[in-house]
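Engineer: Quick one, what's the 3D model for this:
(one chain, ligands or ions: 1)
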Amino acid sequence: MTAIEIRNLSKSFGAVRAVDGVSFTVKAGTVTGYLGPNGAGKTTTLRSLLGLVTPDSGEALVNGKRYRDMATPLNEVGAVLEATNFHPGRTAHNHLRLLCVAAGLPVARAEEALGQVGLAEAAGKRVGGFSLGMRQRLALASALLGEPKVYILDEPANGLDPAGIQWLRGFLRHLAHDRGAAVLVSSHVLSEVEQTVDDIVIIAAGRLVRQGTLAELTTNGEKTVRVRTTGDGELAPALEKAGATVERLDGGALRVHGLEPEEIGRIVLDQRVVLTEMIAERSDLQKVFLELTEER
Ligand SMILES: Nc1ncnc2c1ncn2[C@@H]1O[C@H](COP(=O)(O)OP(=O)(O)OP(=O)(O)O)[C@@H](O)[C@H]1O
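Structural biologist: Residues are numbered from 1 along each chain as shown. The predicted structure is shown next:
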């Protein structure tokens, strides 16, 4: 079931086409990574979904509706945007209680949400003393208050330590896979979301570059192996004999197409040459993403 729909969305700021004819959907029960280098248009897309940016054309819908047409938005969509501001003198608990009151939600949700994000012990502490990671967790707790089935998270891993990132991965998967939520999470770091997402949408310079399931994007590309040995002269013909196509790279290394690392290892052994380097080269997804980010 489609929970988020971006249809032909465009938005310019002056001469900058921040988002240029982008379309994609996010299904219930999945985590979708929205990836792109800095300035690609991710935040503008997410802000359009939350009614914070008015598109020039196209639509950004959650549950088939525009944000501004929702009667109880906190029950429909939970959002974490970058640089969330909290009143520094307020405790975490109070911050969430106020949000509950404003949205007509039971105040007991404040405590529950703090527990869900691992902030129960910091509930009575002032937000001014929170680390960036704790603020991210608090922002996530705000998103959880109305128990929505759609989550829109802009770079939620920013400021989290490795343990926090690990926790976030598990939590987002839990929301999608156990609770059936649709989770759209942006990042400019592929490795941050690679282990979390089911689907991926890549955007660069406002345009959609690639989209598909993680499995499609990681297996479509041809796998290659870079090999360096003390005896490349002997190895290349042996690899070719085994069915590989071999590119001779500058500096004496070989790029081998069409053989798995293990098969190459066996041939190296048969040839009795000394292996000095063997690297299984990047997946299509990593290549596409690296090219995009390196261009900038
Ligand atoms: N309110 C605004 N006024 C003017 N230009 C803007 C505004 N918001 C975004 N832009 C420009 O639109 C482009 C896309 O920005 P956006 O923040 O959507 O990208 P992003 O992919 O989220 O980048 P980042 O990862 O750096 O947050 C950028 O060139 C940005 O400078």
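Engineer: Tell me where the protein is predicted with low confidence.
Structural biologist: Within the chain, the ranges that satisfy pLDDT under 70 run 83-84, 219-222, 232, 282-284, 292-296.
Engineer: Spell out which parts of it neighbour the ligand.
Structural biologist: 13, 16, 18, 36, 38-44, 188 (C-beta under 6 Å from any ligand atom). In short, each C-beta sits where N, CA and C put it, glycine included.
Engineer: can you pull out the strands in the protein?
Structural biologist: Using DSSP state E, the strands of the chain run over residues 2-13, 16-27, 31-35, 57-62, 78-80, 150-154, 182-187, 199-204, 207-213, 224-229, 245-248, 254-257, 275-280.
Engineer: Pick out the residue nearest the middle of the chain.
Structural biologist: Centroid-nearest residue in the chain: residue 33, 3.4 Å away (criterion: C-alpha atoms, centre = their mean).
Engineer: Any figure for the gap between that one and the ligand?
Structural biologist: 13 Å (C-beta to the nearest ligand atom, to the nearest Å).
Engineer: same deal with residue 281?
Structural biologist: Taken as C-beta to the nearest ligand atom, the span from residue 281 to the ligand is 27 Å.
Engineer: Near residue 178, how many other residues are there?
Structural biologist: Look at residue 178: counted by other C-beta atoms under 10 Å, it has 9 neighbours.
Engineer: Pull the number of nearby residues for residue 132.
Structural biologist: Using other C-beta under 10 Å: residue 132 sits among 12 other residues.
Engineer: Quick check: it touching residue 157?
Structural biologist: No. Checked against C-beta atoms under 8 Å, the pair residue 132 and residue 157 is beyond contact range at 10.7 Å.
Engineer: what's the first-to-last distance across stretch 211-224?
Structural biologist: 22 Å (C-alpha to C-alpha, to the nearest Å).
Engineer: how far does that stretch sit from the chain's center?
Structural biologist: 16 Å (C-alpha atoms, centre = their mean, to the nearest Å).
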